[in-house]
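**Q** Show me the folded form of this:
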Amino acid sequence: MEQKLMTPEEKLKQLGLELRDIRPAVGNYVSHVKVGNLIFTAGQGVDQYHGKLGRDFTIEEGYLASRQSMLNLLSVLKHELGELSRVKKIVKMLGFVNSTEDFTDQPKVMNGASDLLVEVFGDRGKHARSAVGMAQLPNNTAIEIELIVEVAE
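**A** Sure thing, here's the model as predicted:
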């Protein structure tokens, strides 16, 4: 018996997650730019987590915040592409973590976003990544993430 492959949207639903409307820009920029078959997203923070990792949030809470940031990015991609099945490859993720000077577990925090990409896209979700600590992020958001994505034409 042939097994039907699940779409990324079906995988999100199975995980109990849903995409929301795109968050409004807070400056003079757009949510993404498409160049050829690549999409470069603007950074997406989170509305629910404000403060610093290492002071206000645990690694586990940061992990959840990075998953939420990734859901915000997936909403941007869904808006542009119509369906997430058009994603050929997540190329690069750049994760910023609002953290105290002595916090050094930024990669563990960003695993929340990386794990979600692999859960939703399988091997197409495996990506290059940078996870860096920041002294501050806009609106005191705990997390901000950018993506570069290859898409099918």
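**Q** ok, how many other residues are close to L19?
**A** 19 (other C-beta atoms under 10 Å). Where you see a C-beta, it was placed from the backbone N, CA and C, and this is true even at glycine.
**Q** same thing with L117?
**A** For L117, the neighbour count with other C-beta under 10 Å is 24.
**Q** Ok, H50 next?
**A** Neighbour tally, H50, other C-beta under 10 Å: 16.
**Q** Show me what M93 bridges to in the sheet.
**A** Counting by DSSP bridges, M93 is bridged to R129, L147.
**Q** list the buried ones in the helix of greatest length in the chain?
**A** Longest helix of the chain, by residue count under DSSP state H: helix 59-81. Residues 61-78, 80-81 are the ones in helix 59-81 that count as buried (16 or more other C-beta atoms under 10 Å).
**Q** quick one: average confidence on it?
**A** Computed over helix 59-81, the mean pLDDT rounds to 98.
**Q** which helices and strands sit right next to it?
**A** Counting contacts by 3 or more C-beta pairs under 8 Å, 6 or more residues apart in numbering; DSSP states H and E, helix 59-81 packs against helix 8-14, strand 32-35, strand 38-41, strand 87-98, helix 106-121, strand 143-151.
**Q** so K52 touches N98, yeah?
**A** Yes: counting by C-beta atoms under 8 Å, N98 is a contact partner of K52 at 5.2 Å.
**Q** List the buried residues in stretch 141-153.
**A** 141-149, 151.
**Q** Could you list the low-confidence segments of the protein?
**A** 1-3 (pLDDT under 70).
**Q** gap between the most centrally placed residue in it and T100?
**A** By C-alpha atoms, centre = their mean, the mean C-alpha position of the chain lies nearest to M70, the distance being 2.2 Å. M70 sits 23 Å away from T100, going by C-beta to C-beta, to the nearest Å.
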